[in-house]
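Enquirer: sharing a sequence plus its predicted fold:
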Number of protein chains: 2
Amino acid sequence: MNNKGILIVLSGFSGAGKGTLVKRLLELHGEEYALSISATTRKPRVGEEEGKAYFFKSNEEFEKMIREDAFLEYAGYCDHYYGTPKAYVDEQLEKGKNVILEIEIQGALKVREKRPDTLLLFVTPPNGDELKNRLTGRGTETQEVIEARLSRASEEAEGVEAYDYLLINDELDICVEELHEIIRSEHRRLTRQQNIEKIAKIREELQKFRKGEK
Amino acid sequence: MNNKGILIVLSGFSGAGKGTLVKRLLELHGEEYALSISATTRKPRVGEEEGKAYFFKSNEEFEKMIREDAFLEYAGYCDHYYGTPKAYVDEQLEKGKNVILEIEIQGALKVREKRPDTLLLFVTPPNGDELKNRLTGRGTETQEVIEARLSRASEEAEGVEAYDYLLINDELDICVEELHEIIRSEHRRLTRQQNIEKIAKIREELQKFRKGEK
């Protein structure tokens, strides 16, 4: 029985703690998950290895990949391309790993168009006060910076209605287990191929018993 | 925040262990679940109390309830009516309890028509051999009885494609926790009202911060 992994998009308000959440999930359940690796045309920074944080591409290479439909989604940001190459994601899914993409809602919706069985999860702090505290930091930011962050955070939830699950990140370790539970439960969906096949196999066996073949 | 319970239908092959599963779930997590109580026109057996295993009704009472659309589903079986009264289910859901109906697929599909957010779960033994063993029992049954059970079991999966989740009941305590996990995860669905409201509230608070109202 080949249990394919599930493609997971994790989005959420800035300051919701997505990065920490994913890091902790990989520490605790790393054998079941893989983090998607993005491709980018920006130059590697010191210490950044090819195929770890990013696949580094030239503009020509990246645009060739776009023409070949090799991305689940891509976008331009600050004069550089960023995208999610299909090949790496598919390789991990085939191995049975659940693959996590940490992207914003607009990108998530593009991924879902190409892969309708993608799970969309939205992470939020427990309430607005907590979010404000996380965004305003230690009081060292200017009013303008804080204003821009609050404005951006509000926009970050545009389109969230299309998402599947809401995760409240209050206590990190609880939130990690909730995320893991959701994924485990999703593996038991009857729409997943391996489950349809399981039932078909049992019914087939019952027919054989009846015909006395077994 | 009023977190309403979830209506759950549990179906499955005879011999899949649904009854034991529900009993164990209530032992371990009874504060979060309630078992739906059916109404029936059959006479109470010795020791059966009104409102425990069943609500006992006369034919006239039952038919009046049918006319008043007071059932989520009902059916005739061996000259008696059996049905799921809405009132008890709704009362428990409002209290925040997840309510379990243990009914067959045909009834389940009727419930889902009335309540589209009902969760449908199908329980199966790990494989056909195991199911056959459970159905044939200790070798004391006649070939005809066994034949009838195998035939019925195969039919019991008709319509299962409409179900949400498949539960493999291999080890009872593991299966109970899987069931409980699925329900907990379903409470985090973005389609559930309380989750939509949580996000709306946070966005509203962000707007207030921006306007300097807080």
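Expert: Arrived safely, thanks for sending.

Enquirer: thinking residue A:117 is in contact with residue A:7, fair?
Expert: Yes - counting by CB atoms under 8 Å, residue A:7 is a contact partner of residue A:117 at 7.1 Å. Placement of C-beta: from N, CA and C, glycine included.

Enquirer: list the helices and strands the longest helix anywhere in chain A packs on?
Expert: Counting by DSSP state H, the longest helix found in chain A is helix A:193-210. The contact analysis (3 or more CB pairs under 8 Å, 6 or more residues apart in numbering or on different chains; DSSP states H and E) places helix A:193-210 against strand B:119-124, helix B:128-136, helix B:143-155, strand B:165-168.

Enquirer: leaving out sequence neighbours, find the closest residue to residue A:151.
Expert: The spatially closest residue to residue A:151, leaving aside those adjacent along the chain, is residue B:210, at 6.2 Å (CB to CB, 6 or more residues apart in numbering or on different chains).

Enquirer: that neighbour against residue A:152, yeah?
Expert: No - in this structure, residue B:210 is not within contact of residue A:152 by CB under 8 Å, at 10.7 Å.

Enquirer: that older thread, export the longest helix of chain A as PDB, just CAs?
Expert: Extracted in PDB, the C-alpha atoms of helix A:193-210 (Å, rounded to 0.1, in the frame of the first residue of the first chain):
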ATOM      1  CA  GLN A 193      -7.000   6.800  -3.000                       C
ATOM      2  CA  GLN A 194      -5.600   4.300  -0.500                       C
ATOM      3  CA  ASN A 195      -8.800   4.300   1.600                       C
ATOM      4  CA  ILE A 196     -11.100   3.700  -1.400                       C
ATOM      5  CA  GLU A 197      -8.900   0.800  -2.400                       C
ATOM      6  CA  LYS A 198      -8.900  -0.600   1.100                       C
ATOM      7  CA  ILE A 199     -12.700  -0.900   1.100                       C
ATOM      8  CA  ALA A 200     -12.800  -2.200  -2.500                       C
ATOM      9  CA  LYS A 201     -10.300  -4.900  -1.500                       C
ATOM     10  CA  ILE A 202     -12.400  -6.000   1.500                       C
ATOM     11  CA  ARG A 203     -15.600  -6.200  -0.500                       C
ATOM     12  CA  GLU A 204     -13.700  -8.300  -3.200                       C
ATOM     13  CA  GLU A 205     -12.500 -10.700  -0.500                       C
ATOM     14  CA  LEU A 206     -16.100 -11.000   0.800                       C
ATOM     15  CA  GLN A 207     -17.300 -11.900  -2.700                       C
ATOM     16  CA  LYS A 208     -14.600 -14.600  -2.900                       C
ATOM     17  CA  PHE A 209     -15.500 -16.100   0.500                       C
ATOM     18  CA  ARG A 210     -19.100 -16.300  -0.700                       C
END
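
Enquirer: need the contact list for residue A:123.
Expert: By CB atoms under 8 Å, 6 or more residues apart in numbering or on different chains, the residues touching residue A:123 are A:10, A:11, A:12, A:13, A:16, A:17, A:18, A:21, A:167, A:169, A:175.

Enquirer: could I get those residues as CSV with neighbour count and pLDDT?
Expert: Formatted as CSV, the contacts of residue A:123 follow (neighbours: other CB atoms under 10 Å in any protein chain shown; pLDDT from 0 to 100):
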residue, neighbour count, pLDDT
A:10, 23, 97
A:11, 24, 95
A:12, 25, 92
A:13, 28, 87
A:16, 25, 86
A:17, 21, 88
A:18, 20, 92
A:21, 23, 96
A:167, 22, 96
A:169, 24, 94
A:175, 20, 96
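
Enquirer: now, those that are in strands?
Expert: When DSSP state E defines the strands, the subset of these inside them is A:10, A:11, A:12, A:167.

Enquirer: can you name the residues bridging to the first one?
Expert: I take that to be residue A:10. In this structure, residue A:10 bridges to residue A:102, residue A:121 when assessed by DSSP bridges.

Enquirer: now swap in the last one and tell me
Expert: When assigned by DSSP bridges, residue A:167 has beta-bridge partners residue A:123.

Enquirer: measure it to residue B:29 for me?
Expert: 21 Å (CB to CB, to the nearest Å).

Enquirer: again with the third one
Expert: When CB to CB is applied, the distance between residue A:12 and residue B:29 equals 29 Å.

Enquirer: equivalent analysis for residue A:91, please.
Expert: Residue A:91 is 39 Å from residue B:29, by CB to CB.

Enquirer: so which of those two has more stuff around it?
Expert: More neighbours surround residue B:29 than the other of residue A:91 and residue B:29, with 16 against 13 (other CB atoms under 10 Å in any protein chain shown).

Enquirer: these two touch, right, that one and residue B:181?
Expert: No - in this structure residue B:29 lies outside contact range of residue B:181 using CB under 8 Å: 10.8 Å.

Enquirer: for residue A:173, which non-adjacent residue is spatially closest?
Expert: residue A:24 (7.0 Å).
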